[in-house]
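J.: Show me the folded form of this:
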Amino acid sequence: MKYAKTAILISLCLIRWSDAQTIYDSFQWAEVGNANNAADSTGYGAVSYVYKISKYETTISQYNTFLNTVGKNDANSLYQPDMGTDNVYKGILRSGASGTYSYSVSPGSGNKPISWVNWFDAARFCNWLHNGASSTSSTETGAYTLNGAISGVFSKNTGAKFWIPSENEWYKAAYYDPTKNGSGGYWSYPTKTDFINTNMANYNEAHPADANGNRLTDVGYYNFSSYYGAYDMGGNVYEWNDSIDGSNRGVRGGSWAYPNAELTLSKESRNPQVPTGNGWLIGIRVATAVPEPSALSLLAVGLGGLAILRRRRS
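T.: So this is what the prediction gives:
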């Protein structure tokens, strides 16, 4: 009986680990190492731990899956009609009525970054990921305790599995290079360069609209990443970060529309925004923890224990 209970517990752990791994693998991650790096002259960028940040901005397809999973009623307005009708951004269309809403990606738009999302949409997306990314996964607790809130200032919970990057996490992933100048330093732009032009990032309305009128490029279209391998941290869409500036939240990275790269894409550029604001200029990038060695060890022990039980029974 004791062995049977142990086998059941191990099996449950394996199922939970498998579910989490499936969610984890749905993103591509850039590992940001070099813990305890010094801050830049701007005061940003120091991070005392290793973490991961998504290589690409959250795509329209990823957000569409989120909506189809939890947005049948859409009580928290996770969908904005402009996502499907805006003149320069056509990404997701909604059909049906509340309780039966369904969502579809506009042709050719799936790999472009989601936009028309506010900070609360980003936080709920992270809660959904944290809780397993299923139809029963809460959008209200997990990484952030929101419980229906659509205004106010909320901080990341201890133990969050996926979250909106802090400003320091975002800044380090975009601009820091431990090999710069031989001892580490910060580039001016998130392309591992101290200069930038429209062949390196989508800004200044330089990229032509596609057949749907969408001015955004597919994520990773420009083959210029940060040192850690994160793409489009300059241009395409601004990205929410988790900084708190009075009642505002942080936004960094510039967008396809703005002409002055120095004022919008460079490391000196900060652009706090009202957290309830949304538009075709702001999207989402997600951060996560590096899996703990102890968790991997527990999995190995579990697999080994299950194998021993099976051998004893055979």
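J.: from here on, contacts and neighbour counts on C-alpha atoms
T.: Fine.
J.: Give me the below-cutoff pLDDT ranges for the stretch 201-314 of the chain.
T.: Residues of the stretch 201-314 of the chain meeting the criterion pLDDT under 70: 292-314.
J.: Strands of that one, start to end?
T.: In the stretch 201-314 of the chain, the strands defined using DSSP state E, counting those that start in this stretch lie at 238-245, 248-252, 282-283, 287-289.
J.: okay, those strands, which one's buried deepest?
T.: strand 282-283 (a mean of 26; mean count of other CA atoms under 10 Å).
J.: name the helices or strands packed onto that one?
T.: strand 238-245 (3 or more CA pairs under 8 Å, 6 or more residues apart in numbering; DSSP states H and E).
J.: one step back: could I get the strands of the stretch 201-314 of the chain as a markdown table with distance to residue 261?
T.: Below are the strands of the stretch 201-314 of the chain laid out as a markdown table (distance: least, CA to CA, whole Å):
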| stretch | distance to residue 261 |
| --- | --- |
| strand 238-245 | 12 |
| strand 248-252 | 12 |
| strand 282-283 | 16 |
| strand 287-289 | 25 |
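J.: Tell me which of those lies nearest to residue 100.
T.: strand 282-283 (25.9 Å; CA to CA).
J.: That closest one pairs with which strands?
T.: Strand pairing for strand 282-283, determined by DSSP bridges: strand 238-245 (parallel).
J.: Tell me what angle the strand it pairs with forms with strand 248-252.
T.: Angle of strand 238-245 versus strand 248-252, following axes from the mean of the first three to the mean of the last three CA atoms, to 10 degrees, is 140 degrees.
J.: closest one to residue 57 among the strands of the stretch 201-314 of the chain?
T.: Nearest to residue 57, of the strands of the stretch 201-314 of the chain and by CA to CA, is strand 282-283 at 7.2 Å.
J.: CA atoms only for stretch 278-296 - export them in CSV, please.
T.: C-alpha atoms of stretch 278-296 as CSV (Å, rounded to 0.1, in the frame of the first residue of the first chain):
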residue,chain,number,x,y,z
ASN,A,278,-3.7,50.6,-24.8
GLY,A,279,-3.1,51.2,-28.4
TRP,A,280,-1.4,49.9,-31.5
LEU,A,281,2.0,50.9,-30.0
ILE,A,282,2.3,48.6,-26.9
GLY,A,283,2.7,44.9,-26.5
ILE,A,284,4.0,42.2,-24.2
ARG,A,285,7.2,40.3,-23.4
VAL,A,286,7.3,37.7,-20.7
ALA,A,287,10.0,36.8,-18.2
THR,A,288,10.4,33.5,-16.3
ALA,A,289,12.7,31.9,-13.8
VAL,A,290,15.5,29.5,-14.7
PRO,A,291,14.3,26.0,-13.6
GLU,A,292,15.8,25.2,-10.2
PRO,A,293,18.3,22.4,-10.1
SER,A,294,16.4,21.0,-7.1
ALA,A,295,13.2,20.7,-9.1
LEU,A,296,15.1,18.7,-11.8
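J.: what comes up buried for that stretch?
T.: 278-290 (16 or more other CA atoms under 10 Å).
J.: Ok, stretch 157-164 next?
T.: So, applying 16+ other CA under 10 Å, buried residues of stretch 157-164: 160-164.
J.: any idea of the mean pLDDT for it?
T.: For stretch 157-164, mean pLDDT is 96.
J.: Need the residues that contact that stretch.
T.: The contact list for stretch 157-164 (CA atoms under 8 Å, 6 or more residues apart in numbering) reads 122-123, 126-127, 129-130, 142-145, 156, 240-242, 284-289.
J.: Distance check, residue 196 against residue 269.
T.: Distance from residue 196 to residue 269, counting by CA to CA, to the nearest Å: 14 Å.
J.: now residue 99
T.: Distance from residue 99 to residue 269, by CA to CA: 42 Å.
J.: Residue 120 too?
T.: Distance from residue 120 to residue 269, counting by CA to CA: 23 Å.
J.: neighbour count winner among these two?
T.: Applying other CA atoms under 10 Å to residue 120 and residue 269 shows that residue 120 carries more neighbours, namely 25 against 15.
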